[in-house]
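> Model the structure of this input:
(2 chains)
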Number of protein chains: 2
Amino acid sequence: MLIVQKYGGTSVANVERIKAVAERVVKTAKQGHKVVVVVSAMSGETDKLINLAHQVSASPSEREMDLLLSSGERVTSALTAMAIEELGCKAMAFTGRQMGIITDAVHTKARIEKITGERAKKALEENYIIVVAGFQGITEGEADVTTLGRGGSDLSAVAIASALDADLCEIYTDVDGVYTTDPNIVPEARKLDKISYEEMLEFASLGAKVLQTRSVEFAMKYNVPTVVRSSFNDNPGTLVVKEDKDMENVVVSGVAYDKNQVKLTIMSVPDKPGIAAKIFNAIANANVVVDMIVQNISSDGKATDISFTVPKTDSKRALKITEDVAKELGAKGVTTREDIAKISIVGVGMRTHSGVAAKMFETLAKHGVNIMMISTSEIKVSCVIDSKYTELAVRVLHDTFGLAGGKV
Amino acid sequence: MLIVQKYGGTSVANVERIKAVAERVVKTAKQGHKVVVVVSAMSGETDKLINLAHQVSASPSEREMDLLLSSGERVTSALTAMAIEELGCKAMAFTGRQMGIITDAVHTKARIEKITGERAKKALEENYIIVVAGFQGITEGEADVTTLGRGGSDLSAVAIASALDADLCEIYTDVDGVYTTDPNIVPEARKLDKISYEEMLEFASLGAKVLQTRSVEFAMKYNVPTVVRSSFNDNPGTLVVKEDKDMENVVVSGVAYDKNQVKLTIMSVPDKPGIAAKIFNAIANANVVVDMIVQNISSDGKATDISFTVPKTDSKRALKITEDVAKELGAKGVTTREDIAKISIVGVGMRTHSGVAAKMFETLAKHGVNIMMISTSEIKVSCVIDSKYTELAVRVLHDTFGLAGGKV
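Just a heads-up that it's a prediction; the model follows:
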């Protein structure tokens, strides 16, 4: 088999961890597999570099930022290759460029356009273990260094697995896999053996930090079998694959929560066509991602309230823009609320089971939790609630949908 | 003018220093010059990376070592470009690859083969200040990252100055320039305003750490006017240029010393043709650089003692090889002596003044310093002495040749 193994920052945090990674890689190779390793920067390194950049410049150039940040992964790839060679296997470190990872020129959040990987294929044939610096690529024309955004090494790994037609992509991290919910809140939370791409995508978007969203989209698009597992033990992890019959039997796979959103409400907006477009275009132009949107039916047909959520980090910027637009539209004003949480249940089984959303609302109501906003997709229901009820809501939903024990 | 400015590790040691460098660069640009900046890694960074490498591997692969070490200069180049932009000038960071620095494939001590520099020329025309990561290049075929050896950023700077046909190459460091000798030993040591390439080359080879040897060779070969000066003040520094008439009037320009050598002596080697070749071939094959060699005339025409010096770092390896060869040749054995120092006087004036060496020997003798080995070139006389006399020898020679005051 050809296996791509990706090791995150905590998995390569220091010399001892890098040696442990090398041992795992060599063990895999000795089982007869060809191995491509993708590594992140040692944990803390990227933040250290960002910090340095902000010390020299208030708004550092993004092209230079990418050159700066890409160095962390290069260091780890070189050290990991050395550690593997020390164990007697042939290894070669590759930069993003040497791996042939071509991206667009949107610095600091570039998108992979293609992976040539010719040299890697040759090296694999010559029985080299390849250690690729994650998170980075180069542009096609000028060959400038680009980075893929936070968690970009996950994307590097999945994209490389796809380009090399690997049999498996293993994402090593500091948790055992994907859980039915946060074990810090619900000790009985259960590790999932298998999850569909769609569910994983919802979990990733919902703030579960196990896999970067874009890497899941990529894995889904190119059907890359992906395993999330721990580099600190030998537990089998969670397999992320195409949805299968089995999965439909499980109505809800997990409960997620996100405390990093802020709710903005524009009060008494005149209820005319084109109003929503005006508001959300202005926000989108500022590169703020809006998550949930709720518009109340206006009772008198003249004015309405529009609420939406944005990430906490963007809330100040979003508020400023929204206030400007509100003024322009003749709305009464804008209020914000920070003490909110988004609670979500996810499961492909929802497609074929009815009454799931109702059961969620009923459960929250029974425990006195008021719902401020609701948003649904085919395989997800999210509710915005007062953040003080976060843990309670997660626990009761985890319980209601029988996630600790078996299936509902 | 087009000026290349190179800043060493102490000049970019931290955020404050990088900002100070940016100010100096911008000041130069505002005077109407085009500027190319070459930066080293922040001081301590390269050693930190080497240390990491040796922690993961007893003998790290040199290809991976280069990838590892090159990251230090990349970080500085990105940060410096950001700091320059913060001051309102257009700046762009270039890796060795983006500068078009093509080297051979001898990793960790690659030689520059050519510098294309097309993109840099274009950027200079567009009034960008270019900040190049020093110390690194890439190979032509595989485009693997290479490094140029310790102090390689000096070489990067001089080679870039030559390739871009710069008017001046300024090497910024933490000393004011080239001194007649180490001011720590002789407080009256005088900074030289001007020195010839040949003299600078001798000083560099003799262990004066101001300029890397190969960068001086390069500057001499391509006639690159080079200034060594401090990034901590505005003193004018020392100009390194082609020899001129003036310089010949100065018999001795400076006194250098080197305590980093070890003397090995092979005792009673049969005095036959080809013996020396055998010994020094074996040592050269191990990549150990032999500095001085002295062979005593054998009294009986049958056996002779051969002494030579090697860098302290290579002495163990050299001893092992020498013992093997000595055995093979039927010599009596090998002795080593670590407590030695090489004291040298340098000056292009020696070519036209006689009796300089005699004056040196006489001075040492007068102060009770025994000479173990002698080696001379056209513009240099070196003596190996007991290391405990180092400071004494430097002082009396500095005095004898009138270096503190004026000329002899």
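
> Relative to chain B, how far out is residue A:402?
Distance, residue A:402 to chain B, using CB to the nearest CB, to the nearest Å: 47 Å. Heads up, the C-betas are built off the backbone N, CA and C, glycines and all.

> count of neighbours near the nearest residue to residue A:204 once chain neighbours are set aside?
Excluding the flanking residues, the one nearest residue A:204 by CB to CB, 6 or more residues apart in numbering or on different chains is residue A:213, at 4.3 Å. Residue A:213 has 19 neighbouring residues, counting by other CB atoms under 10 Å in any protein chain shown.

> can you check residue A:86 too?
Under the neighbour criterion other CB under 10 Å, residue A:86 is assigned a count of 18.

> Same question for the one 5 residues further on.
Here the neighbour count serves as a burial measure; for residue A:91 (other CB under 10 Å) it reads 26.

> what does residue A:339 give?
The number of residues packed near residue A:339 is 12, by other CB under 10 Å.

> Give me the pLDDT value at the residue of the stretch 251-400 of chain A found nearest chain B.
Closest to chain B within the stretch 251-400 of chain A is residue A:287: 21.0 Å, counting by CB to the nearest CB. You'll see residue A:287 listed with a pLDDT of 82.

> hang on, isn't residue A:283 packed against residue A:310?
Yes - Residue A:283 is in contact with residue A:310 according to CB atoms under 8 Å; the separation is 7.5 Å.

> okay, the two: which has more neighbours?
In this view residue A:283 and residue A:310 are compared by other CB under 10 Å, and residue A:310 has more residues nearby, 25 against 20.

> Could I get the buried residue list for whatever helix or strand that one lives in?
In this structure, residue A:310 sits in strand A:303-311 according to DSSP states H and E. By 16 or more other CB atoms under 10 Å in any protein chain shown, the buried positions in strand A:303-311 come out as A:303-311.

> any idea which of those residues is closest to residue A:403?
Distances from residue A:403 to the buried residues of strand A:303-311, taken as CB to CB, are shortest for residue A:309 (25.1 Å).

> That closest one: what's it in contact with?
A:261-264, A:290-292, A:340, A:342, A:373, A:384 (CB atoms under 8 Å, 6 or more residues apart in numbering or on different chains).

> Check residue A:174 too.
Residue A:174 makes contact with A:8, A:10-11, A:230-232, according to CB under 8 Å, 6+ apart.

> swap the cut-off to 7 Å and go again
Taking CB atoms under 7 Å, 6 or more residues apart in numbering or on different chains, we find residue A:174 in contact with A:10-11, A:230, A:232.

> rewinding a little: neighbours around the residue of the stretch 251-400 of chain A closest to chain B, how many?
Other residues lying near residue A:287 total 9 when counted by other CB under 10 Å.

> Need the three-state assignment for it.
coil (DSSP: H, G, I helix; E, B strand; the rest coil).

> now residue A:265
Three-state assignment for residue A:265 (three-state DSSP): strand.

> Show me what it is bridged to.
residue A:307, residue A:335 (DSSP bridges).

> gap between it and residue A:319?
Per CB to CB, to the nearest Å, residue A:265 is found 11 Å from residue A:319.

> which regions of chain A lie under the pLDDT threshold?
Within chain A, the ranges that satisfy pLDDT under 70 run A:207-208, A:297-299, A:301, A:405-408.

> got the residues of it near chain B?
A:15, A:18-19, A:49, A:52-53, A:55-58, A:60-61, A:64, A:67-68, A:71, A:74-75, A:78-79, A:81-83, A:85-86, A:93, A:95 (CB under 7 Å from any CB of the partner chain).
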